[in-house]
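>>> okay, here's the prediction I keep looking at, along with the sequence it came from:
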Amino acid sequence: MFAPVFDIAAARTLDGFVSYAPSRSQGSVLESIQCPGCKKPIRVPDEVLGQTAKCPFCKCHFQAPVRSQDGKLTTPQLTRRNPFAGSRTFGPGVLLIFLGLLGLLSNARIIGRAYSDPEMFADQTRQQLESVKLDDYVDRTIKWMPTVRIGFLALNLLVIAGGISAIAQRWHGLAMIGSAAALFDAADCCCILGFPAGGWALFVLMNPGVRAQFTKPRPSEAA
């Protein structure tokens with residue numbers, strides 16, 4: 001049986017604190033604490049002390065403090081952090097994953113066609129190049145395109161891995177490599193999105209504050 005999590009609405013007071021107040025706690029005594037996740041000042045009703053609550057700002061779960069024998073409140077304990085709250089890497093990470101999946105599907109389709117039906121692949125490639133007056137490149141393109149596409153397929157997987165790393169805020173080096181790989185993803189329509197997606201991700205990841213998030217221990221690791 002799971003313990004209840006108090007998901008409490010926020011209401012800013014004149015002194016700058018935020019009251020955590022479930023509908024059933026009207027008239028409760030409010031205690032001033034600081035959210036262990038986002039460090040914002042809040043107030044919780046006394047009946048929530050010692051219970052698990054959720055911050056309305058960063059959405060983290062924390063164990064509300066209890067009152068010690070000397071009358072002071074203990075320190076709230078962070079139990080689960082919301083990895084997406086206030087995360088500057090979430091947007092670039094999602095875009096990298098989208099870009100990588102798009103390229104993965106496109107390259108896999110062309111590779112499959114090249115090896116499953118080489119004659120049809122050669123005819124379609126020849127027609128495409130002849131239509132744009134590139135007859136001199138037909139034979140070389142038919143020969144090397146499957147190999148080149150396999151290389152781009154590996155690049156797509158690297159971009160996806162970088163996006164996942166950016167969202168999870170783990171393995172900063174992998175996130176940087178995946179972002180840089182997006183800059184060189186020039187196959188099909190990915191070349192349109194690759195440069196802005198990779199540039200945005202690299203710009204965010206090079207921020208010292210963002211980089212520090214990758215080295216910050218998780219609650220489970222710190223325990």
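Structure received. Residues are numbered from 1 along each chain as shown.

>>> for the rest of this, base every contact and every neighbour count on C-alpha atoms.
Noted.

>>> and for stretch 116-124, what's in contact with it?
Stretch 116-124 has contacts (Cα atoms under 8 Å, 6 or more residues apart in numbering) with R113, A114, I142.

>>> so the second one sits in a strand?
No: when classified by DSSP: H, G, I helix; E, B strand; the rest coil, A114 is found to be helix rather than part of a strand.

>>> which ones are touching it?
Shown in contact with A114 (Cα under 8 Å, 6+ apart): F121, A122, P146.

>>> what's the burial count for the closest residue to R113 other than its chain neighbours?
Once flanking residues are discounted, R113 sits nearest to F121: 6.3 Å by Cα to Cα, 6 or more residues apart in numbering. By other Cα atoms under 10 Å, the residues close to F121 number 17.

>>> F121 in helix, strand or coil?
Quick answer, by three-state DSSP: F121 is helix.

>>> would you format the contacts of A114 as a markdown table with pLDDT included?
Output for the contacts of A114, formatted as a markdown table (pLDDT from 0 to 100):
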| residue | pLDDT |
| --- | --- |
| F121 | 75 |
| A122 | 80 |
| P146 | 78 |
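
>>> now flag whichever of those residues is closest to D46.
P146 (66.7 Å; Cα to Cα).

>>> what are the ranges of the helices in this protein?
Along the chain, counting by DSSP state H, helices occupy 90-116, 118-131, 138-168, 172-183, 190-205, 208-215, 219-222.

>>> could you report the pLDDT at P217?
Listed pLDDT for P217 reads 59.

>>> grab the nearest non-local neighbour of the most centrally placed residue in the chain.
Centrality entry for the chain: nearest residue to the mean C-alpha point is I167, 2.0 Å, by Cα atoms, centre = their mean. Distance criterion Cα to Cα, 6+ apart; nearest residue to I167, sequence neighbours excluded, is F90 at 4.8 Å.

>>> tell me the pLDDT at I164?
92.

>>> equivalent analysis for A9, please.
For A9, pLDDT reads 46.

>>> where does the protein dip in pLDDT?
Scanning the chain for pLDDT under 70 picks out 1-28, 82-86, 129, 132, 135, 186-191, 216-223.

>>> make it 50
Within the chain, the segments meeting pLDDT under 50 span 1-5, 7-25, 219-220, 222-223.

>>> okay but V210 is in contact with R88, surely?
Yes: using Cα atoms under 8 Å, V210 is in contact with R88, at 7.3 Å.

>>> which neighbours do those two have in common?
Joint contacts of V210 and R88 (Cα under 8 Å, 6+ apart) are V204.

>>> one step back: isn't the residue nearest to the centre of the chain right next to I97, touching?
No: when contacts are counted by Cα under 8 Å, I167 is not listed as touching I97 (9.7 Å).

>>> OK, contacts around I110?
Contacts for I110 were tallied using Cα under 8 Å, 6+ apart; they are P146, R149.
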